[in-house]
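> 3D, please:
(one chain, ligands or ions: 1)
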Amino acid sequence: MICDNLTVKDGVLYFAGQNTVELAKKYGTPLYLLDEDKIREKCRIYKHAFEKHFGPGSQLLYASKANCFKQIYEIMTEEKMGIDVVSSGEIYVALKAGYDLSDAYFHSNNKTDEDISYAMEKGIGYFVADNVEEVKAVEKEAARRGIKQKLLLRLTPGIDPHTYEAIATGKVDSKFGTPIETGQADEIVEFTLKQEHILLEGFHCHVGSQVFGEDIFERAAVVMLEFIAAMRDKYGYTARVLDLGGGYGVRYIESDPYLDIEIKVGQVAASIKETCRRLNLEMPEIHMEPGRSIVADAGMTLYTVGTVKKIPGYKNYVSIDGGMPDNPRFALYRSSYTCLPANKMDEKCDFQCSVVGRCCESGDIIQEHVMMPESIGRYDTVAVCTTGAYNYSMASNYNKLPRPPIVMLRGGRESYVAVKRESFEDLVRNDV
Ligand code: LLP
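Numbers count the residues shown, from 1 in each chain. Coordinates of the predicted model:
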């Protein structure tokens, strides 16, 4: 099994210790499940590794974009995690959950004046400015409010993370951040240091998501530390914070590698300490903002099978009652997923098929080349694993399908609704 929260009993798939077929019956399908214990465990693994290798000043932020709803912020408050937010909408949800924004970092490559004003009004801890335009806008608003705003600068270290193009962000020509290689990073530092209402706390980089590459974080950290040393030598400014961006990749299928977060963090820390020694630099406060690796394998989506279509000599289709509106990742990135016959786990899987959604679009595919039991048919339950990240947060109402609910699982037997299933009425709420 791809994750240790999956088990099988009497031919039935159990997730987080609970019977998935029963859960599908109780809450209906499509259904997002989230294993609360796994989310907390992941927060603790990261926190423990950071405290061990980087000391108490280090900080972990949950990247809200991976899965954003009120309850997740309550968990982050309890787990003492900071948060990364990218819009006024995410800030609003966090506030609704009572999250203290002093530990929140506002990212994105294009914050509007309204965003900046809203975030400051609500007391956001830090802005992460992507470019000089944003530094100017933050300065203007901070001056208007008569405050000094803490800020990090997002820089592009020029590293290729070897992930898929849509989520590779560390290269020089990226839409995100200000490049070091072109000299623009140097200029933005000089400019920011002159601003009266900005406290430049340090630098941020994010090379990409779903990163497995051996030494990607190490290489990014070395480039960033060398830049910090160069700024110290040039402007007498020493960054207090170095934020290394998103977290590690996760396993979607059996052949994906397993990464031990504590070991990986230890390797990055060793490289950072060594580089700091070489540059005669005091180690900055190290931050990281994992999203996917906090919530991905805490998630599963359950569907009910409708039509099974066999086209002899060509292809077989298993159609489920959701699809690209609740999981657009195959349509967007051809992402891999593990699909399981939740109520037929003891049957031999020798029927090759595509698991497809119910939308009027050929690209509405959850996964191709899936092996299911020959008997798979109407009313069977299909489980798609590792859907906790970038599924609910990227969901739409395409074809006017109501978004599924999120049901949280904890303690091996408790389940509760954290986000209700959308109703038909929700689909016309804003229509006038
Ligand atoms: N920090 C920044 C500045 C980011 O842009 C991201 C992700 C993260 C942190 C969190 O990265 P993670 O730990 O989740 O890898 N929709 C795509 C993923 C987009 C990621 C965008 N940025 C997907 O479904 O794969």
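> C-alpha only now, for contacts and for neighbours.
Will do.
> direction included, what does the helix or strand residue 33 falls within pair up with?
Taking DSSP states H and E as the criterion, residue 33 maps to strand 31-35. The pairing partners recorded for strand 31-35 under DSSP bridges are strand 299-311 (antiparallel), strand 406-410 (parallel).
> need the residues of the stretch 1-150 of the chain near the ligand, please.
With CA under 6 Å from any ligand atom as the criterion, the stretch 1-150 of the chain comes near the ligand at residues 63, 66.
> which residues of this protein fall in helices?
According to DSSP state H, the chain carries its helices in the segments 20-27, 36-54, 70-78, 88-96, 113-121, 132-145, 184-193, 216-235, 261-279, 292-295, 329-333, 424-427.
> send me the third one as CSV with only the CA atoms.
When you say that, I think you mean helix 70-78. As requested, the backbone C-alpha atoms of helix 70-78 are provided in CSV (Å, rounded to 0.1, in the frame of the first residue of the first chain):
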residue,chain,number,x,y,z
LYS,A,70,-11.8,26.5,8.3
GLN,A,71,-11.1,23.3,10.1
ILE,A,72,-7.6,23.0,8.7
TYR,A,73,-6.6,26.3,10.2
GLU,A,74,-7.9,25.1,13.6
ILE,A,75,-5.6,22.1,13.3
MET,A,76,-2.7,24.4,12.3
THR,A,77,-3.4,26.6,15.3
GLU,A,78,-3.3,23.5,17.6
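> ok, and the closest non-adjacent residue to residue 374?
If the residues on either side of it in the chain are set aside, residue 374 comes closest to residue 351, at 5.0 Å by CA to CA, 6 or more residues apart in numbering.
> so who does the one you found touch?
Neighbour list for residue 351: 370-374 [criterion: CA atoms under 8 Å, 6 or more residues apart in numbering].
> closest to the ligand out of the residues you listed?
When the contacts of residue 351 are compared for distance to the ligand (CA to the nearest ligand atom), residue 370 comes out closest, at 20.2 Å.
> pick the most deeply packed of the helices of the chain.
Ranked by mean neighbour count, the helices of the chain are led by helix 292-295 with a mean of 28 (mean count of other CA atoms under 10 Å).
> the strands paired with strand 31-35: which one's closest to the ligand?
Set against the ligand and scored by CA to the nearest ligand atom, the strands paired with strand 31-35 come closest in strand 299-311, at 13.4 Å.
> what's next to the closest one, contact-wise?
When contacts are defined by CA under 8 Å, 6+ apart, strand 299-311 is touched by residues 20, 24, 29-35, 316-322, 376-389.
> of those residues, grab the buried ones for PyMOL.
Buried subset of these, written as a PyMOL selection, criterion 16 or more other CA atoms under 10 Å:
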select buried, resi 20+24+29+30+31+32+33+34+35+316+317+318+319+320+321+322+376+377+380+381+382+383+384+385+386+387+388+389
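> okay, and which of the contacts of strand 299-311 map to strands?
Taking DSSP state E, the ones among those that sit in strands are 31-35, 316-320, 381-385.
> report the two of these separated the most.
Every pair in those was compared (CA to CA); the two farthest apart turn out to be 35 and 316, at 32.0 Å.
> sorry, back to before: same list (the strands paired with strand 31-35) but as CSV, adding mean neighbour count, distance to the ligand and mean pLDDT.
Written out in CSV, the entries for the strands paired with strand 31-35 read as follows (neighbours: other CA atoms under 10 Å; distance: least, CA to the nearest ligand atom, whole Å; pLDDT from 0 to 100):
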stretch, mean neighbour count, distance to the ligand, mean pLDDT
strand 299-311, 20, 13, 98
strand 406-410, 21, 18, 98
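> which one of these lies closest to residue 40?
Comparing the strands paired with strand 31-35 by their distance to residue 40 (CA to CA), the top pick is strand 406-410, with 10.4 Å.
> from the chain's centroid, how far away is that closest one?
A distance of 18 Å separates the centroid of the chain from that of strand 406-410, by CA atoms, centre = their mean, to the nearest Å.
> next one: stretch 197-211
Relative to its chain's centre, stretch 197-211 lies at 16 Å (CA atoms, centre = their mean).
> may I have it exported as CSV, CA atoms only?
These are the backbone C-alpha positions of stretch 197-211, laid out as CSV (Å, rounded to 0.1, in the frame of the first residue of the first chain):
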residue,chain,number,x,y,z
HIS,A,197,7.8,51.6,6.3
ILE,A,198,9.2,48.2,5.5
LEU,A,199,11.3,46.0,7.7
LEU,A,200,13.1,43.6,5.4
GLU,A,201,13.3,40.3,7.4
GLY,A,202,14.9,38.1,4.7
PHE,A,203,14.5,36.1,1.6
HIS,A,204,12.3,33.4,0.2
CYS,A,205,12.6,31.0,-2.7
HIS,A,206,10.3,28.2,-3.9
VAL,A,207,11.8,26.1,-6.6
GLY,A,208,8.8,23.9,-7.3
SER,A,209,6.3,21.4,-6.0
GLN,A,210,6.4,17.6,-5.9
VAL,A,211,10.2,17.7,-5.6
